[in-house]
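>>> make a model of this:
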Amino acid sequence: MAESLADLHGFEDGVIVHDDVQLCQWMTTPDGRLKLGDFNRATIMQWDEINGGYCKFNNGQGASQYRAPEEYRAEEVNLDEQIDTFSFCNNIYALVTGLWNFYDLEDAEAQEKVIDGDLPFVDPRWKDRSYEEAKLVELLPKCWAYDPDERISIFDAVKFLRQAVEDKPKHQARG
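Residues are numbered from 1 along each chain as shown. As a prediction, the model looks like this:
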């Protein structure tokens, strides 16, 4: 999942923001590979020649409860690819816990929690269940940083996950 978002964010002709990152957007191919689909909300960020960077954008107030906090403040023109990173983290949470973030709340209540900086409960025992779950739980706060400028990039998330895969045999040897 992270690598497919990194492909979008690193697209050579400009950053592509998927803007609808949730588990149901990935499909499995017959040979077992994940493919990201449903690009109806995707945005290609515009390059600002004067300032030498990508322009932030506004896509209207986000619906549902899987979005980044900045998406719920529709009046602000402050969105960038970091919204995908935050939502990606919600997918990691769902994979680890089997639950959607704030599953017990209506969308409006969940959105208020996210706006207020509240995060779903992460049971510390998930760190002890397996090496893989511990690494995924370790990734959560990095992707869930409230301030998009403090949130790790999807490229850093890919690097973190690849390192975890590489380190697994060493971890198992220590047993």
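>>> how far does the helix or strand where A164 lies sit from the chain's center?
Using DSSP states H and E, A164 falls within helix 154-174. Counting by C-alpha atoms, centre = their mean, to the nearest Å, helix 154-174 is centred 18 Å from the centre of its parent chain.
>>> and stretch 49-67, by the same measure?
15 Å.
>>> mean confidence score for it?
What stretch 49-67 shows for mean pLDDT is 86.
>>> which residues sit against it?
For stretch 49-67, the surrounding residues in contact (C-beta atoms under 8 Å, 6 or more residues apart in numbering) are 14-15, 17, 19, 21-22, 41, 43, 45-48, 68, 71-74, 76-80, 83, 86-87, 90, 100-102, 105, 107, 110-111, 114. Using the backbone N, CA and C atoms, a C-beta is placed for each residue, glycine as well.
>>> quick one: end-to-end length of that stretch, please.
The stretch stretch 49-67 measures 29 Å between its terminal residues, going by C-alpha to C-alpha, to the nearest Å.
>>> flag every buried residue along it.
Going by neighbour count (16 or more other C-beta atoms under 10 Å), the buried part of stretch 49-67 is 54, 57, 59, 62, 65-67.
>>> stretch 155-175 now?
Result for stretch 155-175 [16+ other C-beta under 10 Å]: buried residues 155-158, 160-161, 164.
>>> mind showing which ranges of this protein have poor pLDDT?
Scanning the chain with the threshold set as pLDDT under 70 gives 62, 74-77, 175.
>>> do that again at 50, thanks
Within the chain, no range satisfies pLDDT under 50.
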